[in-house]
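> Below are the sequence and a predicted model; questions follow.
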Amino acid sequence: MKPRIAIVVQRWAPDMVGGSEALAWQYAELLSRDFEVDLLTSTALDYVTWANALPEGAERVGDVTVRRFKTAFTRGE
């Protein structure tokens, strides 16, 4: 059994390119060779509003478990 670690990033989706989201994913993929990796993120796609756009819960993407949590409130509320 591999040791387990988590990486936290504010938002993530497979089609996001660049920024901290892409870097977090690169680390997750690299570390998944030696660890069970959970990527913890929000359900938001839009960094301006932080509106919930993706389903809450866990999904497996490659060798990484992505766990999404709803945002408590959007920007401006």
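Arrived safely. In this text, all values refer to a predicted model and were calculated from it rather than measured experimentally.
> Backbone dihedrals for the residue nearest in space to the middle of the chain, please?
For the chain, Thr41 is the residue whose C-alpha lies nearest the centre (CA atoms, centre = their mean; 3.8 Å). Dihedral pair for Thr41: phi -150, psi 180, per degrees, to the nearest 10.
> Run through the residues that contact it.
Contact analysis of Thr41 by CB atoms under 8 Å, 6 or more residues apart in numbering lists 8-12, 66-69. C-beta: built from backbone N, CA, C; applies to glycine.
> Show me just the buried residues among those.
By neighbour count, with 16 or more other CB atoms under 10 Å, the contacts of Thr41 hold 9, 11-12, 66, 68 as buried.
> Rebuild those as JSON lines, extending it with pLDDT, secondary structure and distance to Gln26.
Conversion of these to JSON lines gives the following (pLDDT from 0 to 100; DSSP: H, G, I helix; E, B strand; the rest coil; distance: CB to CB, whole Å):
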{"residue": "Val9", "pLDDT": "97", "secondary structure": "coil", "distance to Gln26": "11"}
{"residue": "Arg11", "pLDDT": "95", "secondary structure": "coil", "distance to Gln26": "16"}
{"residue": "Trp12", "pLDDT": "97", "secondary structure": "coil", "distance to Gln26": "11"}
{"residue": "Val66", "pLDDT": "98", "secondary structure": "strand", "distance to Gln26": "14"}
{"residue": "Arg68", "pLDDT": "98", "secondary structure": "strand", "distance to Gln26": "19"}
